[in-house]
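In: with the input below, show me the fold.
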Amino acid sequence: MKLELEIFKRDELAQSTTRLLVGILFGLIACTGSPAYGAPEKGADENLLKAAFVFNFAKFTRWPSTAWEAEGADLVLCTAGNDGVVEALQQLAGKSVQGHSVNVQSVEKGRSPAYCHVLYIAPSDFGAALDIASAVHGRPVLTVSEFSPSGKSKTVIEFFDEDERIRFIIDLGFARAAGLEFSSRLLSLGIVIHEDEAR
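Out: A predicted model of the protein is given here:
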């Protein structure tokens, strides 16, 4: 297991993306005046930060050419389940990643998420997360979830909390099976393991 672990939330790139998401959120508040966009609830900053992580994961991931229907096709960012992070990820629609416009979609029940490029799985149902991750195993989908004490989620990247900081694990075994490659910068910021490593 990689021993070096830096705090991603201090990284300049992560901070700039978080500021962008916060700006979008409060822009919506100002424009709509809707009570649905009232004062951020407790944990809202953490949700925005995790959404910023997901955005940056995509920026530092390389997909195989077969993952794209055409040059400049949308990057499909899918969500499964519902939590505050899913709501924050909606604000990324229309943003650009590596020249691809972000298209945010929720995974419909019974539909395979194999068309997704990034798939965030909310922690509300761990059993469903396993099924969803298994459905795309070996396909070029960057799966992201929350670490569960009850077992491995079988996703490429997992968030976990340590000392009130958000950190993440990158499973290179799952990434390679999906045909995904990461920049060295991203790898240096997380704990890198392989699927056969115990944790």
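In: ok, now which ones touch Ile170?
Out: Val156, Ile157, Phe182, Leu186, Leu187, Gly190, Ile191, Val192, Ile193 (Cβ atoms under 8 Å, 6 or more residues apart in numbering). All C-beta spots, glycine's among them, are computed from the backbone N, C-alpha and C.
In: show me the contacts for the residue nearest the centre of the chain.
Out: With distances taken as Cα atoms, centre = their mean, the chain has Val54 as the residue nearest its mean C-alpha position (3.2 Å). Val54 sits next to Leu77, Val85, Leu89, Leu92, Val118, Tyr120, Val144 when contact means Cβ under 8 Å, 6+ apart.
In: quick check: the fourth one touching Val102?
Out: Yes - look at Leu92 against Val102 with Cβ atoms under 8 Å: they come within range, at 5.0 Å.
In: common neighbours of the two, please.
Out: A shared contact of Leu92 and Val102, defined by Cβ under 8 Å, 6+ apart, is any residue touching both; here these are Leu77.
In: which one of the two has more residues nearby?
Out: For Leu92 against Val102, the residue with the higher neighbour count under other Cβ atoms under 10 Å is Leu92, and the figures read 24 against 20.
In: next one: the more buried one from Tyr120, what distance?
Out: Separation of Leu92 from Tyr120 (Cβ to Cβ, to the nearest Å) stands at 10 Å.
In: ok, Glu87 next?
Out: Counting by Cβ to Cβ, the gap from Glu87 to Tyr120 is 11 Å.
In: higher neighbour count, those two?
Out: Regarding Glu87 and Tyr120, a neighbour count based on other Cβ under 10 Å identifies Tyr120 as having more, with 30 against 16.
In: if I pick Arg139, what's in contact with it?
Out: The neighbours of Arg139, taking Cβ under 8 Å, 6+ apart as the test, are Ala114, Ala178.
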